[in-house]
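> structure for the following, please:
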Amino acid sequence: MEITDVIVRKRFESGPLYAIVTVIFDKTLAVHDIKAAKRQNGRLIAVMPKRTDAFGKSRDVVHPVSEELRLRLEREIEKRVLV
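Numbers count the residues shown, from 1 in each chain. Next up is the predicted model:
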């Protein structure tokens, strides 16, 4: 699965949240509302979209299963957000 596009939907001027992005995979699958936030070491972390159920439990809607995909995702988002 290849990351074919990262679209920055909203940028933030202050605070730990840098942006909200949409990531396109293989030009066929879009994942919306991924948050790009700053880690304490200065690098970005991709915070996956969440949904809260009727009982108040929050769960990721989508998330990378492998560390390799998470790192690729964070690097691609970082390229677009820290321009």
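
> next, give phi and psi for the residue lying farthest from the centre of the chain.
What lies farthest from the middle of the chain is Phe55; by CA atoms, centre = their mean that is 25.3 Å. With angles defined as degrees, to the nearest 10, Phe55 sits at phi -100, psi 0.

> could you measure from it over to Met48?
Plainly put, Phe55 is 20 Å away from Met48 if you go by CB to CB, to the nearest Å. (Glycine included, C-beta is placed from N, CA and C.)

> same deal with Leu69?
In terms of CB to CB, Leu69 sits 12 Å off from Met48.

> can you check the pLDDT for the residue farthest from the centre of the chain?
The score at Phe55 is 95. That number is its pLDDT.

> give me the low-pLDDT residue ranges for the chain?
83 (pLDDT under 70).

> for it, which segments count as helices?
67-81 (DSSP state H).

> the strands in it, which residues?
3-11, 17-25, 29-38, 44-47, 50-52, 58-60 (DSSP state E).

> those: which one's closest to Glu74?
strand 44-47 (4.9 Å; CB to CB).

> quick check: buried residues in the closest one?
44-46 (16 or more other CB atoms under 10 Å).

> cool, and stretch 67-80?
Buried, per 16+ other CB under 10 Å, within stretch 67-80: 72-74, 76-78.

> need the CA coordinates for it. CSV is fine.
What follows is stretch 67-80, C-alpha atoms only, in CSV (Å, rounded to 0.1, in the frame of the first residue of the first chain):
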residue,chain,number,x,y,z
GLU,A,67,5.2,0.1,12.9
GLU,A,68,6.7,0.4,9.4
LEU,A,69,3.5,1.9,8.0
ARG,A,70,3.1,4.2,10.9
LEU,A,71,6.6,5.6,10.4
ARG,A,72,6.1,6.0,6.6
LEU,A,73,2.8,7.8,7.3
GLU,A,74,4.4,10.1,9.8
ARG,A,75,7.3,10.9,7.5
GLU,A,76,4.9,11.7,4.6
ILE,A,77,2.7,13.9,6.7
GLU,A,78,5.7,15.7,8.2
LYS,A,79,7.0,16.5,4.7
ARG,A,80,3.7,18.3,3.8
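
> contacts for it next, please.
Defining contact as CB atoms under 8 Å, 6 or more residues apart in numbering, one finds that stretch 67-80 is touched by 1, 3, 6-8, 19, 21, 23, 34, 36, 43-46, 64.
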